[in-house]
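Peer 1: Everything below, folded, please.
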Amino acid sequence: MNNGEVKYDFDFLNKISGGDKSFILEMVTTFKEMIPGFIENSIKFLKEKNYDALSKEVHKFIPGVTFLGINYMKDDLTLLEEYAKKQENIEELPELLDNTIIKVKEIVNIFEKEFNV
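Peer 2: Modelled structure (predicted):
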């Protein structure tokens, strides 16, 4: 994979599904389908300075990242949610969101190549 760095870990999904590959594929597909709305809404809420809505949008997205073991993305998402919710470090939100979107697109490319979704 990308620079030898593993971008996801399905241990949790394997555990809860008993290794059911169709369940895992369904989770990957569902996650991928969430992404356009997440990106569009997050950008819109940030532009509108609607930090409460941004915080909620990010909060809804985090479980998918957690279930799929996309751990390298969780720190940015956690900060994004926290800063938006508390309306702190607002000046950092655009960069955090940009970094998150880059990582989201990267994981989509990996899933498309590896799972043909």
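
Peer 1: which helix of this structure spans the most residues?
Peer 2: Longest helix in the chain by number of residues (criterion: DSSP state H): helix 21-47.

Peer 1: Check which helices and strands that one sits against.
Peer 2: helix 11-17, helix 51-67, helix 93-115 (3 or more CB pairs under 8 Å, 6 or more residues apart in numbering; DSSP states H and E). Using the backbone N, CA and C atoms, a C-beta is placed for each residue, glycine as well.

Peer 1: Below-threshold pLDDT in the chain: ranges please.
Peer 2: The model of the chain has pLDDT under 70 over residues 1-4.

Peer 1: centroid residue for it?
Peer 2: Nearest to the geometric centre of the chain sits residue 65, at 4.8 Å (CA atoms, centre = their mean).

Peer 1: ok, now which ones touch that residue?
Peer 2: 31, 73-74, 77 (CB atoms under 8 Å, 6 or more residues apart in numbering).

Peer 1: before we move on, back to that, just the buried positions in the longest helix of the chain, please.
Peer 2: Buried residues in helix 21-47, counted by 16 or more other CB atoms under 10 Å: 24, 27-28, 31-32, 35, 38-39, 41-43, 45-46.

Peer 1: Ok, stretch 80-93 next?
Peer 2: 80-81, 83-84, 93.

Peer 1: From the contacts of residue 65, list the buried ones, please.
Peer 2: 31, 73, 77.

Peer 1: Distance check, the first one against residue 73.
Peer 2: Read that as residue 31. Residue 31 sits 11 Å away from residue 73, taking CB to CB, to the nearest Å as the criterion.

Peer 1: quick one: the residue nearest to the centre of the chain and residue 31, what's the gap?
Peer 2: Taking CB to CB, one finds residue 65 at 8 Å from residue 31.

Peer 1: Then residue 9?
Peer 2: Residue 9 is 14 Å from residue 31, where distance means CB to CB.

Peer 1: So residue 78 is in contact with residue 62, correct?
Peer 2: Yes. Using CB atoms under 8 Å, residue 78 makes contact with residue 62 at a distance of 7.4 Å.

Peer 1: for residue 43, what are its contacts?
Peer 2: 97, 101.

Peer 1: Let me know whether residue 11 touches residue 69 as I believe.
Peer 2: Yes. Counting by CB under 8 Å, residue 11 touches residue 69, with 6.4 Å between them.
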